[in-house]
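> mind folding the following:
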Amino acid sequence: MSRTAKISRQTAETQIELELNLDGEGKSEISTGVGFFDHMLELFTRHGCFDLKVKANGDLHVDQHHTVEDVGICLGQAIRQSIGDKKGIRRYGHFTLPMEETLCTTAVDLSGRYFLVFNAQFHSPKIGEFDSELVEDFWQSTAANALCNLHVNVFYSRNSHHVAEAIFKSAARALRMAVEHDPRMPGVPSTKGTLSE
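Take a look at the predicted model:
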């Protein structure tokens, strides 16, 4: 069964086409108009072993916020759609990733309920032309629309670029674990019998 999703979202602020394959090979075609954000999505795709295509046209003459947040909405919707009824997946995933002086742990539960804990300090307001605070906004909108419980904890760091990169890479590895098939769990991984309610 194909675990893929196509999301098309059109608003007055952004126009986004996104395709996700959970069982991909780490191939990406990313074009959002925000160079650093494209780089983070490429890292996410590669380390998650997903295939991801994103074409976003946003109101960048205002700022990058709408584009980054709305891509997060589309990615979250695509994750939720592509995992379907969640039968046979691991559900939980976690990864601790060192990025030079930065250490980050990300844990995810594809529970069908949204919660975000984001403990990360950025040491500069900008990473190049990218607003550092948009990293949290992206993961907030992704988790809210995937309906997952996501915890991001950066224990120590110095460089804001490294912080962002560690978060995207560890989140990708954690999500990769959570969506993997578990041969010992043929049904829905919950005593409730459903993760859709």
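> please enumerate the strands of this structure.
For the chain, the strands defined by DSSP state E occupy 4-10, 14-21, 28-31, 51-58, 92-99, 102-109, 115-119, 126-127, 130-131, 149-156.
> what's next to the third one, contact-wise?
Contacts with strand 28-31, where a contact means C-beta atoms under 8 Å, 6 or more residues apart in numbering, come from 38, 41-42, 45-46, 51-56. C-beta: built from backbone N, CA, C; applies to glycine.
> where in the chain is pLDDT low?
Applying pLDDT under 70 to the chain picks out residues 197.
> try it again with 90
1-2, 185-197 (pLDDT under 90).
> and the strands of the chain, which is most packed in?
Per residue and on average, the most neighbours among the strands of the chain fall to strand 102-109, with a mean of 22 (mean count of other C-beta atoms under 10 Å).
> mind giving me the packing neighbours of that one?
Contact partners of strand 102-109 among helices and strands, from 3 or more C-beta pairs under 8 Å, 6 or more residues apart in numbering; DSSP states H and E: strand 92-99, strand 149-156, helix 160-179.
> can you add distance to residue 77 and give the ones you listed back as TSV?
Listed next are the helices and strands packed on strand 102-109 as TSV, based on distance: least, C-beta to C-beta, whole Å:
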stretch	distance to residue 77
strand 92-99	19
strand 149-156	15
helix 160-179	14
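> nearest to residue 79, out of the ones you listed?
Smallest distance to residue 79 across these (C-beta to C-beta): 7.3 Å, for helix 160-179.
> that closest one vs strand 92-99, what angle?
Orientation of helix 160-179 against strand 92-99 (axes from the mean of the first three to the mean of the last three C-alpha atoms, to 10 degrees) gives an angle of 150 degrees.
> got the angle for helix 160-179 vs strand 102-109?
30 degrees.
> from the middle of its chain, how far away would helix 160-179 be?
On the basis of C-alpha atoms, centre = their mean, to the nearest Å, helix 160-179 sits 8 Å off its chain's mean C-alpha point.
> still on that earlier bit, could you dump the strands of the chain to a markdown table with distance to residue 189?
Formatted as a markdown table, the strands of the chain follow (distance: least, C-beta to C-beta, whole Å):
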| stretch | distance to residue 189 |
| --- | --- |
| strand 4-10 | 20 |
| strand 14-21 | 21 |
| strand 28-31 | 28 |
| strand 51-58 | 24 |
| strand 92-99 | 8 |
| strand 102-109 | 10 |
| strand 115-119 | 18 |
| strand 126-127 | 37 |
| strand 130-131 | 36 |
| strand 149-156 | 14 |
